[in-house]
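K.L.:
Got a predicted model here, sequence first, then my questions.
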Amino acid sequence: MEFSIKSGSPEKQRSACVVVGVYESRKLTLAAELLDKAADGYISGIVRRGDMEGKSGSTLLLQNVPGTLCERVLLVGLGKEKNFREKEFTTAIRNTVKTLNETGAFDASIFLTELPVKKRSIGWRIRQATMVAFDATYKFDQFKSKKDEVRRPLRKLTLAVERRNELTLAEEALAQGLAIAEGMAMTKTLGNLPANICHPTYLAERAQAMAKEFNLGCEILERADMEKLGMHSLLSVSQGSRQPPKLIVLSYKGAKASDKPIVLVGKGVTFDTGGISLKPGAEMDEMKYDMCGAASVLGTMQAVARMALPINLTIVVPATENMPDGMATRPGDIVTSMSGQTIEILNTDAEGRLILCDALTYAERFEPDTVIDVATLTGACVVALGHIATGLFSNKDALARDLLDAGDESYDRAWHMPLWDDYQELLKSPFADMGNIGGRWGGSITAACFLSRFTKKYEWAHLDIAGTAWKSGADKGATGRPVPLLTHYLMQRAGKLN
Ligand code: BES
Ligand code: MN
Ligand code: ZN
């Protein structure tokens, strides 16, 4: 789909469809009023007769509205004006795109982007509208022999701004929104791909392809390289799998070489059976999503490269399967991590931390400004925060603050969880420096505490996306989160957010 920005009045648009909003209790938005004037009260008549009451989620398609130059007008219900916030705004945009795809219109001019959203700038509205509209057309049907074709798909979307002097800013926000949306789409597709296709080698190949396309530095470490580096914790997870592990490194240089890079580390368990501590069978298929951390840092890298942000960014992806096998790690096995700390593996299903700890130690060599890891790490995080907020942990409050703000700005929200020393004792082991699990309670916190033992040399944050990276049920699939949060954080760091 093609996107563009325009300023102008709705009655003068020659597009196949003009989209305007109606608030609940039948109040017309400014653009709807302009159309209504040109149409001599045609729209207010419809609203008065009760055919469009402005309820959030409702739409009404009109043909040949008098006094206008467009073929159709789509009225979109917005809910109560005083409650019109982020959620209502994005819902209206999503509904619009879904509805337009069911009409014959090939192009449309959307005036909803002119609507005020409390505390949000024009840049925000355009960026969000672009992201949501693009995302609303996402499909993952490459394995369906018979595809659900949209008969007359929307090809061109024009987003309206009120004033001409907003055009430049809006154009920039549009480009950002598209870069983020495309990053999210890649993240979703990698997440949705089954584990027999999306294995560590596949992820490495995708990274190499990205490196070529965007001129990134790329290094793939093989099992032998990991052995040399002493990554025995990571290797212990891989040893029960026929698929070779990979440690993928991509680096983007948008700033001067002396600027320390921000490093993103993404958990890339392409399938998590639990290993010898085997998971129960129900819904085990969903463990193909256990590489969504990896997918999100790859998607973020793509968005950053597309936006050409003036920062240095490196991503590190430890990629492996977690399988049960004659060679697999046994509960009670003790391994030495790259950091030299020893770990008693009490539960082979707590594998994410085992691969991340070595990747986090490896990250030291980039002399990072900041390190953020992203992982579908614990079921306990889903118990704590559900599917709404990502769990956020950090050894630096200012960094936590910045990430919370980025989550709020992108409407991809996180919640700050504690990382107090009091929790550290739960990781005690009688035989090694630590165990890899902390017992029944506070599981997302003890997992973060485990990681914190490997991140003492830099400012670090950890995002537990177990509840937010994918959806189960009817619209099952990867969500593309937290690409919006991460890209907004990086845009902020680059001074490119307005
Ligand atoms: N990948 C899982 C976490 C997970 C579970 C994400 C369910 C989403 C939904 C992770 O590797 C895992 O198995 N964690 C264990 C840790 C436990 C053994 C301490 C968990 O959360 O049960
Ligand atoms: Mn696991
Ligand atoms: Zn896992």
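P.N.:
Okay, I see it. Ligands and ions are numbered 1, 2, ... in the order given.

K.L.:
mind checking how far the closest residue to ligand 1 within the stretch 301-450 of the chain is from residue 324?
P.N.:
Per C-beta to the nearest ligand atom, residue 379 is where the stretch 301-450 of the chain lies closest to ligand 1, at 3.4 Å. All C-beta atoms are positioned from the backbone trio N, CA, C, and that covers glycine. Remark: distance between residue 379 and residue 324 (C-beta to C-beta, to the nearest Å) = 19 Å.

K.L.:
Looking at those two, which has the bigger crowd around it?
P.N.:
residue 324 (17 against 14; other C-beta atoms under 10 Å).

K.L.:
Please report how far that one lies from residue 432.
P.N.:
In terms of C-beta to C-beta, residue 324 sits 22 Å off from residue 432.

K.L.:
what does residue 93 give?
P.N.:
Going from residue 93 to residue 432 by C-beta to C-beta gives 52 Å.

K.L.:
More neighbours: which of the two?
P.N.:
Higher neighbour count among residue 93 and residue 432: residue 93, with 26 against 18, using other C-beta under 10 Å.

K.L.:
looking at it, that one is touching residue 111, isn't it?
P.N.:
No - the pair residue 93 and residue 111 does not pass the contact test of C-beta atoms under 8 Å, sitting 11.4 Å apart.

K.L.:
Is stretch 470-487 in proximity to ligand 3?
P.N.:
No - using C-beta under 5 Å from the ion, we find that stretch 470-487 stays clear of ligand 3, coming within 12.8 Å at best.

K.L.:
What is the end-to-end distance of stretch 364-378?
P.N.:
The straight-line separation of the ends of stretch 364-378 (C-alpha to C-alpha, to the nearest Å) is 25 Å.

K.L.:
Say whether ligand 2 is contacted by that stretch.
P.N.:
No - using C-beta under 5 Å from the ion, stretch 364-378 never reaches ligand 2; the gap is at least 8.6 Å.

K.L.:
Tell me the buried residues in the helix or strand containing residue 178?
P.N.:
Following DSSP states H and E, one finds residue 178 within helix 167-192. For helix 167-192, the neighbour count (16 or more other C-beta atoms under 10 Å) marks 169-170, 172-192 as buried.

K.L.:
residues contacting the residue of the stretch 301-450 of the chain found nearest ligand 3?
P.N.:
Nearest residue of the stretch 301-450 of the chain to ligand 3: residue 352, at 4.5 Å (C-beta to the ion). Residue 352 sits next to 267, 269, 272, 290, 375-378, 447 when contact means C-beta atoms under 8 Å, 6 or more residues apart in numbering.

K.L.:
Narrow these to those in strands?
P.N.:
269, 272, 375 (DSSP state E).

K.L.:
Tell me, how many residues neighbour whatever residue of the chain ends up closest to ligand 3?
P.N.:
Nearest residue of the chain to ligand 3: residue 272, at 3.7 Å (C-beta to the ion). Each residue near residue 272 was counted by other C-beta under 10 Å, and the total is 26.

K.L.:
How about residue 203?
P.N.:
By other C-beta under 10 Å, the residues close to residue 203 number 25.

K.L.:
Backbone torsions only: list them for it.
P.N.:
Main-chain torsions, residue 203, degrees, to the nearest 10: phi -60, psi -40.

K.L.:
mind checking how far it is from ligand 1?
P.N.:
16 Å (C-beta to the nearest ligand atom, to the nearest Å).

K.L.:
got it, and residue 8?
P.N.:
Shown here: residue 8 relative to ligand 1, a distance of 47 Å by C-beta to the nearest ligand atom.

K.L.:
How about stretch 430-440 and ligand 1, touching?
P.N.:
Yes - counting by C-beta under 6 Å from any ligand atom, contacts between stretch 430-440 and ligand 1 involve residue 437.

K.L.:
For residue 486, give me phi and psi.
P.N.:
The phi and psi values for residue 486, taken as degrees, to the nearest 10, are phi -60, psi -40.

K.L.:
I misspoke; the intended subject was residue 250.
P.N.:
Dihedral angles (degrees, to the nearest 10) for residue 250: phi -120, psi 140.

K.L.:
Count the neighbours of residue 116 for me.
P.N.:
Counted with other C-beta under 10 Å, residue 116 comes out at 13.

K.L.:
Check residue 399 too.
P.N.:
Neighbourhood size, residue 399 [other C-beta under 10 Å]: 18.

K.L.:
Go ahead and confirm residue 298 touches residue 207.
P.N.:
Yes - in this structure residue 298 lies within contact range of residue 207 using C-beta under 8 Å: 6.6 Å.

K.L.:
Mind listing the shared neighbours of those two?
P.N.:
Joint contacts of residue 298 and residue 207 (C-beta under 8 Å, 6+ apart) are 250, 317.

K.L.:
The two: who's more crowded?
P.N.:
residue 298 (27 against 24).

K.L.:
Quickly note the distance from that one to residue 466.
P.N.:
Residue 298 sits 18 Å away from residue 466, going by C-beta to C-beta.

K.L.:
Please work out how many residues are found near whichever residue of the stretch 1-150 of the chain sits closest to ligand 2.
P.N.:
As assessed by C-beta to the ion, ligand 2 sits closest to residue 140 within the stretch 1-150 of the chain, at 24.0 Å. Using other C-beta under 10 Å, residue 140 has 15 neighbouring residues.
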